[in-house]
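Visitor: turn this into a structure:
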Amino acid sequence: MNGSKLLGALALGMILVFAVTGVAMAEYPEVSFSGYADVQTEIYSFTPDINNSDSDVSSSDIYVNEAAFAPHVDLSKWVSMDAVFYYIEQPPSRGARSGSTSGLAINEWYVTITSDVGIYVKGGLSYPPVGDFTTWGVGYTRVQDLFWTQQSELAVGYDHPFVGIELAAFNGGFDNTEDDGTYDKASDQIDGFAGKLEVRPLANNDDHSLAIGGYFLSDATETLAGLGGILNEQVVSSEDLNLDGDTDDEGETVTAVLYESDVAAFGAYLNGEFTFSDAFALGVAGEYAATGEFDEAEYTDAAGEATAISAYHAELVGMFDEKNVQVGVKFAGISGLDWLGSTAYDATFEPTTFTQFGGYVGVDYIPGIHLALQHLAGSDDESNTENITTLQGKVSF
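Guide: Reported below is the predicted structural model:
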């Protein structure tokens with residue numbers, strides 16, 4: 001039995017198991033709504049390490065970083081449907097690297113079938129179980145920047161107070177090539193997989209929580225960061241590619257991305273919140289994720305070396321006055337990429353690492369409203385620097 005048939009049989013079997021347990025229709029459907037709007041003011045600056053240069057980049061803007069409206073429908077005790085309507089604008093710091101974009105889209109739409117014993121099946125457009133991304137500060141973590149992924153998937157999981165596990169399958173959007181550089185039609189299949197295991201050893205403790213977990217993604221190019229787009233493009237002749245076997249085509253050039261086999265990504269994390277009194281609590285978060293090493297024909301870093309791509313995030317936060325005030329520090333980094341785009345300013349730069357450090361303060365005294373101020377300073381290994389100051393106002397319901 002091939003993979004797609006196995007997945008189909010598994011999903012059908014789970015649906016039948018849940019269906020025969022009976023459904024109480026009198027109280028359903030139940031509809032609820034949630035959402036948020038995250039408005040930010042950002043001051044951004046980038047300084048390349050070029051002598052006597054006026055190439056500094058600076059910008060500031062007020063923008064809707066994210067906004068979402070999420071209806072949830074309980075169709076029965078065991079069947080629910082979720083949707084997330086999502087709007088995003090690119091802040092100046094991202095626009096400086098990739099061009100400012102904005103848009104409104106259906107971000108998620110999926111159906112979940114659950115059971116009384118914690119087993120569930122989820123199908124639709126959502127986020128496979130890759131990453132943790134915990135932060136009490138403003139914005140995404142650097143791990144989330146690189147390894148977040150969104151797919152139309154089928155997932156099976158088990159949720160218990162002390163442990164959670166989820167496995168997902170999907171047909172990814174970045175497919176492999178043949179040995180000669182031509183498109184591999186066989187890769188247009190349900191051949192993408194992701195999984196996560198999380199343990200929560202303090203689940204019975206009312207004052208403290210701790211989660212420790214790990215995850216994998218079978219193909220690191222299937223991320224929202226578009227890691228597939230950084231793969232090397234090689235110009236070869238049509239004869240080398242043997243496009244049609246006609247030697248008269250010798251000399252015609254073709255640009256091909258040579259990505260012959262999937263390179264997986266793996267990650268591990270922990271996050272915890274420890275409440276010592278109404279006056280003080282402590283939060284900690286740490287996460288590391290990395291791809292396998294790419295083949296030199298497929299991807300090299302800015303120094304021209306075959307490499308893996310990785311990111312990490314570490315955070316420590318003190319929470320005061322019933323957690324209404326948060327004061328924290330962050331330390332983060334990325335390896336294997338020219339994260340700041342420094343080679344656009346000087347082709348001799350070979351930046352391969354990026355480190356970032358900063359802190360934040362947040363307050364939550366008004367119900368449903370979170371206010372925060374954060375400053376992050378970053379630099380790469382060629383002494384190019386970036387500074388980002390963000391003022392956040394987030395309304396949630």
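
Visitor: ok, and the helix or strand in the protein with the lowest average confidence?
Guide: helix 3-19 (a mean of 45; mean pLDDT, DSSP states H and E).

Visitor: geometric centre of the protein: which residue is closest?
Guide: Geometric centre of the chain, nearest residue: W148, 1.5 Å, by C-alpha atoms, centre = their mean.

Visitor: roughly how far does the nearest residue to that one once chain neighbours are set aside sit from G304?
Guide: Spatial nearest neighbour of W148, chain neighbours left out: L224 (4.9 Å); criterion: C-beta to C-beta, 6 or more residues apart in numbering. In this view, the C-beta of every residue, glycine as well, is placed from N, C-alpha and C. From L224 across to G304, the span is 27 Å (C-beta to C-beta, to the nearest Å).

Visitor: ok, now V156?
Guide: From V156 across to G304, the span is 42 Å (C-beta to C-beta).

Visitor: so which of those two has more stuff around it?
Guide: Neighbours per residue (other C-beta atoms under 10 Å) separate V156 from G304, with V156 holding more: 20 against 10.

Visitor: so, low pLDDT: which residues of the stretch 151-300 of the chain?
Guide: Along the stretch 151-300 of the chain, segments meeting pLDDT under 70 span 180-181, 236-254.

Visitor: how about the strands in it?
Guide: Along the stretch 151-300 of the chain, counting by DSSP state E, counting those that start in this stretch, strands occupy 151-160, 163-170, 192-199, 208-217, 233-237, 253-257, 265-275, 280-291.

Visitor: and of the ones you listed, who's closest to W136?
Guide: Closest of the strands of the stretch 151-300 of the chain to W136 is strand 280-291, at 5.7 Å (criterion: C-beta to C-beta).

Visitor: so which bits of that closest one are buried?
Guide: Neighbour counts using 16 or more other C-beta atoms under 10 Å place 281, 283-287, 289-291 of strand 280-291 among the buried residues.

Visitor: ok, that strand: who's next to it in the sheet?
Guide: Strand pairing for strand 280-291, using DSSP bridges, gives strand 265-275 (antiparallel), strand 310-320 (antiparallel).

Visitor: within its sheet, name the partner strands of the very next helix or strand once past the last one and how each one runs.
Guide: Meaning strand 310-320. Counting by DSSP states H and E, the element after strand 310-320 in chain order, helix or strand, is strand 325-335. Neighbouring strands of strand 325-335 in its sheet, by DSSP bridges, are strand 310-320 (antiparallel), strand 353-363 (antiparallel).

Visitor: winner for burial among those strands?
Guide: A comparison of the strands paired with strand 325-335 by mean neighbour count, using mean count of other C-beta atoms under 10 Å, puts strand 310-320 on top with a mean of 20.

Visitor: can I get that strand as CSV, trimmed to CA atoms?
Guide: Once non-C-alpha atoms are left out, strand 310-320 reads as follows in CSV (Å, rounded to 0.1, in the frame of the first residue of the first chain):
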residue,chain,number,x,y,z
SER,A,310,20.4,27.0,11.5
ALA,A,311,18.8,29.4,13.9
TYR,A,312,18.5,29.7,17.7
HIS,A,313,16.5,31.7,20.2
ALA,A,314,17.0,32.2,24.0
GLU,A,315,14.9,34.3,26.3
LEU,A,316,14.6,35.1,30.0
VAL,A,317,11.7,37.2,31.3
GLY,A,318,10.7,38.4,34.8
MET,A,319,6.9,38.9,35.3
PHE,A,320,5.6,41.2,38.0
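
Visitor: and that strand, how far out from the chain's middle?
Guide: Strand 310-320 has its C-alpha centroid displaced from the chain centroid by 17 Å (C-alpha atoms, centre = their mean, to the nearest Å).

Visitor: how about residues contacting that strand?
Guide: With contacts defined as C-beta atoms under 8 Å, 6 or more residues apart in numbering, strand 310-320 is touched by 134-137, 141-143, 145-147, 273, 279-291, 325-336.

Visitor: and stretch 271-280, by the same measure?
Guide: The contact list for stretch 271-280 (C-beta under 8 Å, 6+ apart) reads 132, 134, 202, 207-211, 281-286, 318-323.

Visitor: what about the residue nearest to T355 when sequence neighbours are not counted, how many residues nearby?
Guide: Nearest residue to T355, sequence neighbours excluded (C-beta to C-beta, 6+ apart): G333, at 4.4 Å. Number of residues near G333 (other C-beta under 10 Å) recorded here: 20.

Visitor: repeat that for E178.
Guide: Using other C-beta under 10 Å, E178 has 16 neighbouring residues.

Visitor: in the stretch 1-150 of the chain, which spans are strands?
Guide: Counting by DSSP E, counting those that start in this stretch, the strands of the stretch 1-150 of the chain are 30-47, 57-74, 79-89, 102-114, 119-126.

Visitor: next, the contact list for K196, please.
Guide: 129-130, 164-166, 213-215.

Visitor: and the gap between it and Q144?
Guide: Relative to Q144, K196 is positioned 14 Å away (C-beta to C-beta).

Visitor: returning to what we had before: make JSON lines out of the contacts of K196 and add neighbour count.
Guide: Shown next, in JSON lines, are the contacts of K196 (neighbours: other C-beta atoms under 10 Å):
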{"residue": "P129", "neighbour count": "24"}
{"residue": "V130", "neighbour count": "27"}
{"residue": "G164", "neighbour count": "18"}
{"residue": "I165", "neighbour count": "17"}
{"residue": "E166", "neighbour count": "19"}
{"residue": "G213", "neighbour count": "21"}
{"residue": "G214", "neighbour count": "15"}
{"residue": "Y215", "neighbour count": "23"}
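
Visitor: reformat the residues you listed as TSV; add distance to K185.
Guide: As requested, the contacts of K196 are arranged in TSV below (distance: C-beta to C-beta, whole Å):
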residue	distance to K185
P129	29
V130	26
G164	37
I165	33
E166	30
G213	36
G214	33
Y215	30
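
Visitor: from those residues, which single one is nearest A377?
Guide: Checking these one by one against A377 (C-beta to C-beta), the nearest turns out to be V130, at 28.1 Å.
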